[in-house]
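**Student:** Build the 3D model from these lines:
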Amino acid sequence: MYPVTQEFKEKILLPDRKIYGRVEIDYTDPFLDNSIEAIANENANISYPEQTTDSVNKSIGKVASLDGSWKLDGTYHLYGSGIQLGWWGKQFSDDNGFFIFPFPTLTVTFHSRVIHSLKVVGDEFRKEYPEDFKISLLNTNDEILYEETVTENNQVNWSKEIDPVSQVSKMKLEIYKWNLPHRQAKILEFFTSVKGIYEGEEIISINLLEEIEGASGKTSIGNVSSNEITVTLRNDNTNNRPFDAGNTQSPLYEMLKPNRRIKAYIGIKKDNDDMELVPLGTFWSGDWDVNEKGVSAKVTGWDRLKFLSDTNYGTNGILENCALYDLAVDVLIDAGLNEGEFWIDDELKDYIIPYVLIENKSHREVLRMIAEACLGYVYCDRKGIIRVEGTKPVSQQYEVMVNEQANISYPNQLVDGYEEADGLFASLDGSWNLEGNNILAGDENIQLGWWGKQLSNVNGYFVAPYPKAILSFQPKAIEAIKVVGDEFRKEYPVDYTITIYDSLDNVLSQQNIVGNTDIRSEVEIPENPTNVVKIELEITKWSHPGRQVKILEFIDILKIIEIPPKDYFTKNNPVRYSDMINYVEVEAQPIDAEGNKLDIIKVIAKDDENISQNGLGKFTLKSNSLIQTEEMACNIANRLLESFKIPRRNLDLDWRGNPAVLLRDTISLLEKKETNLYKVTKHELEFSGGLRARLSGRRVIE
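**Tutor:** Model (predicted):
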């Protein structure tokens, strides 16, 4: 579930709920439009003219320079790679702030467009800006179409709306005077990007489709999904028909092009009148559909993964002992993404491929091969980040540490999913009797959990340092924490603290539990942090005096989304035997050191009893050059068989909808007299002032 506040969770379920939408479209974007180029006639040793077109109006702070303004007072930042600096000129202004010819000049070129506004942003932190300057708008023949001369400006962020000027392909900024003497020009933003923000009646509809696409049609793992959004916006005389292709007075004239970035949101208004909107993702537009006799403009967009089908990748020769993690990084960097635009599961470091040779395959296809080899997923999340995830068992995704433990104790069992001990184990804490109902511990295969060493006092309190367990893992969102004591002994923590940290050891949330009376307890984390790498359990009081800590389970859990019958319209969930797999054949494709393909190795995993009861459900995983060994093929075959051999009831649900529901979320449905859980595999949202949704899911077998 996308992290939302408790108020959101409550209001999205109200019978008379009010739903709000928002759409943002970047009609000019230097990262998408290769025609945008910024050139200066002079530059300081460190200067980034291209940053004057990126729509970022703030730098990181006061950046140190050798113009005499730098003070060692702790308020200045040193230059660093990738900082937001903008264009810094080379020439220093004189005693009165004037520059001499040739004046500092910045020129931005782009595809022909209509200009409606002008903008010049100086350095807010230094309080520096141009006082006298001229902006010229030119066409492709360098003919001046418009000029704006400004004198005695006193604003760091200067802007002006002008009558529309069409066919502009070049903007030039010439600076004559600076507001301070002996300083160089410092311009953070100049190019006037065009972004459309649409809310309320401006939005006719938003339709979102998210889907886990299994390459086999049966499995939902080892695949690359691509999400889609369709936005319909108002286009009539009340808003001067901005989307009409022939409307030369529109700020969007000649800008309704493919590959424009679209972001959409759906949410609620909070009691304090602030909007809480859930992002639906980041998409790139196709062609626009605008009927000039109609009242709407429609555009469909796809997430970034769709466009990775159009570009190709190849390895630089043969890669030896290559981890799937390193291969995925190389593929995404080669596709033009930076490290902040993708996330790869550390699990992929464990998959080492003897020899990798890839020639002229699409980036998307190589990502699919990677996902298939680790039985993982590749998808874009709601923030537009491409995620490459594995499917390692939950118990292997954590590092468990404790500050104390008994002679026999198994802390790693805290995250294994088992919430009950194998029996009443003998202990030297005074609770052991000789009535024959105690089990001697010692076999590490038994389910015991973490037992502490310190005994609580007569009132159940421990002394510092208190018993503590710590879980570490890769960054992720945390919604709730589960803590389970000892059911057989009826023992549990009474007072305890759960602390949640990010990678810099900043405390993101701290929940102090006092007076707990439950052996099994779930603690919600109201902040819904998304960048958690560590959670800590510290126990100060136990339910019984003179006893040590006995914790069977301590782990983060995803919130199960309950959908009551009143919230859905139709439900269809028959058992689908066609999706059952009880006979798996996996083909391994060995490659030698020269890149030659060797004979294919076929591995079979099957369940004969299941076949006799339910009929044959066969699945073949064809050769993949990243699956090269018999051991790897066996692992894949056995995991697929275990996951899909049980016939399951799939779900198709038409319901009121919640934009915070994500693919792979678990939902809970009351069906007649039983409650069943389903993992979401497909999600469709329809917003048109109100909200309706359809989802498909695969039943979770406990």
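
**Student:** Quick one: residues contacting the residue nearest to residue 336 when sequence neighbours are not counted.
**Tutor:** Closest residue to residue 336 apart from its sequence neighbours, by Cβ to Cβ, 6 or more residues apart in numbering: residue 311 at 7.8 Å. Placement of C-beta: from N, CA and C, glycine included. Contact partners of residue 311, counting by Cβ atoms under 8 Å, 6 or more residues apart in numbering, are 335, 336, 362, 363.

**Student:** I'd like to know which of these are buried.
**Tutor:** 335, 362, 363 (16 or more other Cβ atoms under 10 Å).

**Student:** and which of these is nearest to residue 523?
**Tutor:** residue 335 (40.8 Å; Cβ to Cβ).

**Student:** before we move on, back to that, quick check: helices, which of the buried ones among the contacts of residue 311 are part of them?
**Tutor:** Cross-referencing the buried ones among the contacts of residue 311 against helices under DSSP state H gives residue 363.

**Student:** possible to save the buried ones among the contacts of residue 311 as JSON lines with pLDDT and distance to residue 255?
**Tutor:** Output for those, formatted as JSON lines (pLDDT from 0 to 100; distance: Cβ to Cβ, whole Å):
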{"residue": "335", "pLDDT": "91", "distance to residue 255": "26"}
{"residue": "362", "pLDDT": "94", "distance to residue 255": "29"}
{"residue": "363", "pLDDT": "95", "distance to residue 255": "28"}
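
**Student:** As JSON lines, the buried ones among the contacts of residue 311 with distance to residue 117 would be great.
**Tutor:** Shown next, in JSON lines, are the buried ones among the contacts of residue 311 (distance: Cβ to Cβ, whole Å):
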{"residue": "335", "distance to residue 117": "34"}
{"residue": "362", "distance to residue 117": "40"}
{"residue": "363", "distance to residue 117": "37"}
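
**Student:** Among the contacts of residue 311, list the two that are farthest apart in space.
**Tutor:** Distances among the contacts of residue 311 were taken as Cβ to Cβ; the most separated pair is 336 and 362, at 13.5 Å.

**Student:** Can I get whichever helix in the chain runs longest in CSV, CA atoms only?
**Tutor:** In terms of residue count, the longest helix belonging to the chain (DSSP H) is helix 630-644. The C-alpha trace of helix 630-644 is given here as CSV (Å, rounded to 0.1, in the frame of the first residue of the first chain):
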residue,chain,number,x,y,z
GLU,A,630,21.7,-27.5,-14.1
GLU,A,631,21.8,-26.3,-10.5
MET,A,632,20.2,-22.9,-11.4
ALA,A,633,17.6,-24.6,-13.6
CYS,A,634,16.7,-27.1,-10.8
ASN,A,635,16.2,-24.2,-8.3
ILE,A,636,13.9,-22.4,-10.7
ALA,A,637,11.9,-25.5,-11.5
ASN,A,638,11.4,-26.4,-7.9
ARG,A,639,10.4,-22.9,-6.9
LEU,A,640,7.9,-22.6,-9.7
LEU,A,641,6.4,-26.0,-8.9
GLU,A,642,6.0,-25.1,-5.2
SER,A,643,4.4,-21.7,-6.0
PHE,A,644,1.9,-22.8,-8.6
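
**Student:** Quick check: buried residues in whatever helix or strand comes next after it?
**Tutor:** Moving toward the C-terminus from helix 630-644, the next helix or strand (DSSP states H and E) is strand 650-655. Residues of strand 650-655 classed as buried: 650, 651, 653, 655 (neighbour count, 16+ other Cβ under 10 Å).

**Student:** Check stretch 537-551 too.
**Tutor:** Neighbour-count burial for stretch 537-551, counted by 16+ other Cβ under 10 Å, picks out 537-544, 547-551.

**Student:** Which of the residues you listed fall within strands?
**Tutor:** Of these, the ones assigned to strands by DSSP state E are 537, 538, 539, 540, 541, 542, 550, 551.

**Student:** So which elements touch the biggest strand by length in the chain?
**Tutor:** The residue-count maximum for a strand in the chain (DSSP E) belongs to strand 157-178. Contacts defined by 3 or more Cβ pairs under 8 Å, 6 or more residues apart in numbering; DSSP states H and E place strand 157-178 against strand 105-121, strand 130-138, strand 144-150.

**Student:** can you give me the strands in the stretch 551-700 of the chain?
**Tutor:** 553-557, 561-563, 568-572, 583-588, 601-606, 618-624, 650-655, 666-671, 674-687, 691-699 (DSSP state E, counting those that start in this stretch).

**Student:** Pick out the shakiest of these, pLDDT-wise.
**Tutor:** Looking at the strands of the stretch 551-700 of the chain, the lowest mean pLDDT belongs to strand 666-671 (a mean of 82).

**Student:** For the protein, which element, helix or strand, carries the lowest mean pLDDT?
**Tutor:** Lowest mean confidence among the helices and strands of the chain (mean pLDDT, DSSP states H and E): strand 76-77, at a mean of 63.
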